[in-house]
Every structure is written in C-alpha cells, then in structure tokens.
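>>> Fold the following.
(one chain, ligands or ions: 1)
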Amino acid sequence: MQGKLIIFEGVEGCGKTTQIQLTSQWLQSLGIEAVVTREPGGTELGVDLRRLLLETGKNHIASRTELLLYAADRAQHVEQELKPNLASGKFVLCDRFIYSTIAYQGYGRSLDMDLINQLNQIATAGLVSDLVFWFDVDAEIGLQRKRSSGEIADRIEEEKIDFHKRVQQGYGELAKTYPEFIIRIDASLSKESIQQQIQDKLSKVIIN
Ligand code: T5A
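This is a model prediction of the structure:
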C-alpha cells in the first residue's frame, strides 16, 4: 500500500516544526509509523545544500542560483527519502515542499512562475503530496517568535519585512487557488488548538 505525503508550510516561525513533532507523536500513539523529514536538508547531500543556502555572511547567492539549489535538494530528497518511504506504505510528514519554492522564490524573489513550475516538475519527478497544512500567521508575528526563541537568524530570515510579506501573500494565493487541497490553519492560535485541528483533519481525510 502506498503511504501518504503530508506537507507543512508557512512563513518563518509559523509553528510548523512544532506541529510536525506533535503530529508524529500522535500518529505513533495510534500505531502508525511516521517519518519526519524536511526541505532543504532531508538527505546527506541536502544537509550540505541547506548550510550553503541558509548560512549568513558568505558570498551573495543570486536568486536563480538559490532556486536551482532548492531544486537540487528536492530532487535528491524525492529519490532518496520520499519515494522509498511512500512505496513502503509509511506516513511522511515533510517540513516544506514545492509550495515553499512558489512562495519564497516566486512571490518573495519575483522569479518567473513558469520556470519555477518547470523546475518543481523536474525535481519531484511527478510526485505529488496528499495534503498540505498551511500555517497562516502574520509574517511579523512569525519573525518575532523566531527572535524570542533565541535562534540566530539565517540568510532568509534576515531579508527585509517586505520580502516576508510577499511570501505570506504567496501562500494566501496558493490556498485560494487550491482550497480543497491546501488546508488553512490559523497559526495564531495555541499549539494545542492547532494540533487538535490537524488531528481532526487527518482522522477524517487520511486515516478513515
Ligand atoms: N526555503 C525552503 C525556500 O526559500 N525555498 C524552498 O523551496 C524551501 C524548501 C528553510 C528556509 O528555506 C526557505 C524557507 C526558510 O527560510 P526552515 O527550517 O523551514 O528553513 O525555517 P523556518 O521556516 O524558520 O522553520 P523553523 O523550524 O525555524 O520555524 P517553524 O517551523 O515555522 O516554527 P517552530 O515550530 O520552530 O516555532 C517557532 C517558535 O514559535 C513557537 C515555538 O515554540 C518556537 O519557539 N511557537 C508558538 N508560539 C506561540 N503560538 C504557537 N501556536 C506556536 N507554535 C510554535
């Protein structure tokens, strides 16, 4: 039986990593094996690409170069991690996927959307996700959460607020275009209430 690919998306600090962990624990409590992974950085090669993409203070990365590096990370991730786990029937909870490229490189960097769609197609080799949770929170609130967590800002977090607002707008447009497929979660709510919504949705759509 083919597994399920569940994607968690949103702006910086939207709370997706927290919810992936809670969802994985909940699935395991039901006896369902769940694999947790992420982009960029879900493979050994991806870890190196993630460092190149997110470290600060190094050479400027041109927007098209950035796009190609995210695509390279995804191509490796799909082949090495996503396809094999899905083929063995597992639930895969993935922190970011093609929607991040549309939101960040498309809306954030204003790169050509046709080019992005073509690259997403090449990188995924036709693999599609089963469900997407979009954690909708104001970009400023998300960045504030990241600052409060004490983590040092990475190269993308250091972008100006206008960039993050365009990314947030991009997610809004995606959710409007694919309402049956992208589930909007009000990410300003408490962690517990958000987790309950995820469990309710997964119980209805996937498990039963
Ligand atoms: N990127 C990625 C692209 O540009 N293009 C691409 O194609 C791809 C795949 C990846 C970066 O790469 C870019 C986007 C990103 O900039 P990342 O690891 O996904 O980086 O980075 P973040 O988005 O910053 O993810 P984080 O894991 O750092 O943050 P999360 O997952 O959004 O948030 P989380 O769960 O770690 O929570 C952040 C803080 O908020 C608190 C948490 O306790 C934590 O302190 N929090 C809440 N506080 C109040 N209420 C809630 N409901 C809360 N939920 C969590």
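>>> which residues touch Tyr171?
Residues near Tyr171 by CB atoms under 8 Å, 6 or more residues apart in numbering: Glu9, Gly10, Val11, Tyr99, Ala103, Trp134, Asp136. Heads up, the C-betas are built off the backbone N, CA and C, glycines and all.
>>> one more time with 7 Å
Glu9, Gly10, Ala103, Trp134 (CB atoms under 7 Å, 6 or more residues apart in numbering).
>>> Check His77 too.
Per CB under 7 Å, 6+ apart, neighbours of His77: Glu39, Gly42, Thr43, Gly46.
>>> where's it, which helix or strand?
Assessed by DSSP states H and E, His77 sits inside helix 63-77.
>>> Any residue of the longest helix that the chain contains touching the ligand?
For the chain, the helix reaching the highest residue count under DSSP state H is reported as helix 161-177. No. Helix 161-177 does not reach the ligand (CB under 6 Å from any ligand atom); its nearest approach is 8.0 Å.
>>> Tell me the buried residues in the helix holding His77?
Across helix 63-77, burial judged by 16 or more other CB atoms under 10 Å covers Glu66, Leu67, Leu69, Tyr70, Ala71, Ala72, Asp73, Arg74, Ala75, Gln76, His77.
>>> Please name the nearest non-neighbouring residue to the residue nearest the centre of the chain.
The structure's the chain has its C-alpha centroid closest to Arg96; by CA atoms, centre = their mean the separation is 1.3 Å. Excluding the flanking residues, the one nearest Arg96 by CB to CB, 6 or more residues apart in numbering is Glu39, at 4.6 Å.
>>> and the one you found, backbone torsions?
Per-residue torsions, Glu39: phi -130, psi 130 (degrees, to the nearest 10).
>>> Which entries in the contacts of His77 are shared with the contacts of the ligand?
Okay, of the contacts of His77 touching the ligand (CB under 6 Å from any ligand atom), that's Glu39.
>>> now, among the contacts of His77, which is nearest to Lys191?
Nearest to Lys191 among those is Glu39, at 22.7 Å by CB to CB.
>>> got the residues of the chain near the ligand?
10, 12-18, 39-40, 70, 95-96, 100-101, 104-105, 145-146, 149, 156, 190-191, 194.
>>> Mind checking which of those residues are in strands?
Using DSSP state E, Gly10, Asp95 are the members of these that sit in strands.
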